[in-house]
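In: Sequence below, structure please.
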Amino acid sequence: MAKDYYVEELEQLIDCKIVGIVRSTDKYEKYYGLKIDDPRMERGLIIWFLRDEEGNGPGSFTIENYDEVEDFEEI
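Out: The predicted structure follows:
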């Protein structure tokens, strides 16, 4: 049986450490997330929590390498 896409994405967070809270600096949309260090691969990740502003849709997330994200700040 094939793994669910979201399970595969989340598995990369096992054994990682949350090191901060972040928000996007886009002036039109604000997203919040967690800055995560991955000691196995010497990389940092951001997991963004996504939802529509009305709150009537299901939530989601996306995971990015934080070295590749330009528009965020730690809070």
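In: The residue nearest the centre of the chain pairs with what?
Out: In the chain, the residue lying closest to the centroid (C-alpha atoms, centre = their mean) is residue 47, at 0.9 Å. Per DSSP bridges, the residues bridged to residue 47 are residue 34, residue 63.
In: isn't it right up against residue 32?
Out: No. In this structure residue 47 lies outside contact range of residue 32 using C-beta atoms under 8 Å: 10.1 Å. Every residue, glycine included, has its C-beta placed from N, CA and C.
In: and residue 7, what is it in contact with?
Out: Contact analysis of residue 7 by C-beta atoms under 8 Å, 6 or more residues apart in numbering lists nothing.
In: can you give me phi and psi for the residue nearest to residue 43 when sequence neighbours are not counted?
Out: Leaving aside its chain neighbours, residue 43 sits nearest to residue 65 (5.9 Å; criterion: C-beta to C-beta, 6 or more residues apart in numbering). Note on residue 65: its backbone torsions stand at phi -70, psi 130 [degrees, to the nearest 10].
In: Report the contact partners of residue 65.
Out: 43-46.
In: and what of residue 75?
Out: By C-beta under 8 Å, 6+ apart, the residues touching residue 75 are 21-23.
In: Give me the sheet partners of the helix or strand of the chain with the lowest mean pLDDT and which way each runs.
Out: When the helices and strands of the chain are scored by mean pLDDT, DSSP states H and E, strand 72-74 comes last with a mean of 83. When pairing is defined by DSSP bridges, strand 72-74 lines up against strand 17-24 (antiparallel).
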